[in-house]
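S.K.: Build me a model:
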Amino acid sequence: MKQHQKKTVRRHRRLSRLILAGTLLATATLTIAAVINRSRQVTYAKENAQRGAQMRDVKAEELRSAAVRHKVAIDQQTGQVRPLTQQEAQDLATELKRLANRSDQGLTSVSHPDGTVSLNLEDRFQNVALAKKNADGTVEQACIDNPKAGAEFFGIDQKLVDPEANSSASPKSTKN
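M.R.: Down below sits the predicted model:
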């Protein structure tokens, strides 16, 4: 009987040791996995912060260079606001097309190691704040998201921003 008890005690000790070793191994594995995961998070955070800082610098420079200011066309003889010349209207239409660009051509997605996907919109798909000085001296404001709305706001020919515009639609003219 004593031999049987000794074997049972040994088995219990072995089982206890085995459980303890398994628990320690599992704890060590989980700890290592947590450290690796945290290290990756810190690395991605640093990379994203660097990318964000670079994008802010680029964005600030682009915003400075993208500021479009057209001086009000004043008639030298009357001192009143005059309609835009064809060249001024064309220049304005070109800027409206650039600023309110909604084309997705040439945009590419980037898959990141953490599973996220990003797309640099290259300053497209944005709203553009517009303002114009009316003949009576008041200032009118609008926010547009496409070149056609900008052409309508400024009263320039829609064909300047969209060559396929309906030819029967007459351009809206501003009061002068």
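S.K.: Next secondary structure after the lowest-mean-pLDDT helix or strand in the chain?
M.R.: Between all helices and strands in the chain, the lowest mean by mean pLDDT, DSSP states H and E belongs to helix 2-66, at a mean of 76. Counting by DSSP states H and E, the next helix or strand C-terminal to helix 2-66 is helix 86-99.
S.K.: who does that next one touch, helix- and strand-wise?
M.R.: If you count contacts as 3 or more C-beta pairs under 8 Å, 6 or more residues apart in numbering; DSSP states H and E, helix 86-99 packs onto helix 147-154. Where you see a C-beta, it was placed from the backbone N, CA and C, and this is true even at glycine.
S.K.: quick one: the helix it packs on to helix 86-99, angle?
M.R.: Angle, helix 147-154 to helix 86-99, by axes from the mean of the first three to the mean of the last three C-alpha atoms, to 10 degrees: 140 degrees.
S.K.: before we move on, back to that, tilt between the least confident helix or strand of the chain and helix 86-99?
M.R.: With the same axes, to 10 degrees as the basis, helix 2-66 and helix 86-99 are set at 180 degrees to each other.
S.K.: Pull up the per-residue confidence for D104.
M.R.: Predicted confidence (pLDDT) for D104: 89.
S.K.: Sorry, wrong one. I was asking about Q158.
M.R.: 89.
S.K.: Need the nearest residue in space to the residue minimising distance to the centre of the chain, chain neighbours excluded.
M.R.: Central residue of the chain (C-alpha atoms, centre = their mean): L121, 5.9 Å from the mean position. In this structure, L121 finds its nearest non-sequential neighbour in L107, 6.6 Å apart by C-beta to C-beta, 6 or more residues apart in numbering.
S.K.: For that neighbour, give me its contacts.
M.R.: 119-122, 124 (C-beta atoms under 8 Å, 6 or more residues apart in numbering).
S.K.: That one and E122: what is the separation?
M.R.: 7 Å (C-beta to C-beta, to the nearest Å).
S.K.: Got phi/psi on the residue nearest to L121?
M.R.: phi -80, psi 140 (degrees, to the nearest 10).
S.K.: domains for the protein, by residue range?
M.R.: Using automatic domain parsing, the domain parsing of the chain gives 1-67, 84-176.
S.K.: Just name the most buried of the ones you listed.
M.R.: The highest average neighbour count among the domains of the chain, using mean count of other C-beta atoms under 10 Å, belongs to domain 84-176 at a mean of 14.
S.K.: Pull the distance from that domain to the chain's centre.
M.R.: How far domain 84-176 lies from its chain's middle: 18 Å, per C-alpha atoms, centre = their mean, to the nearest Å.
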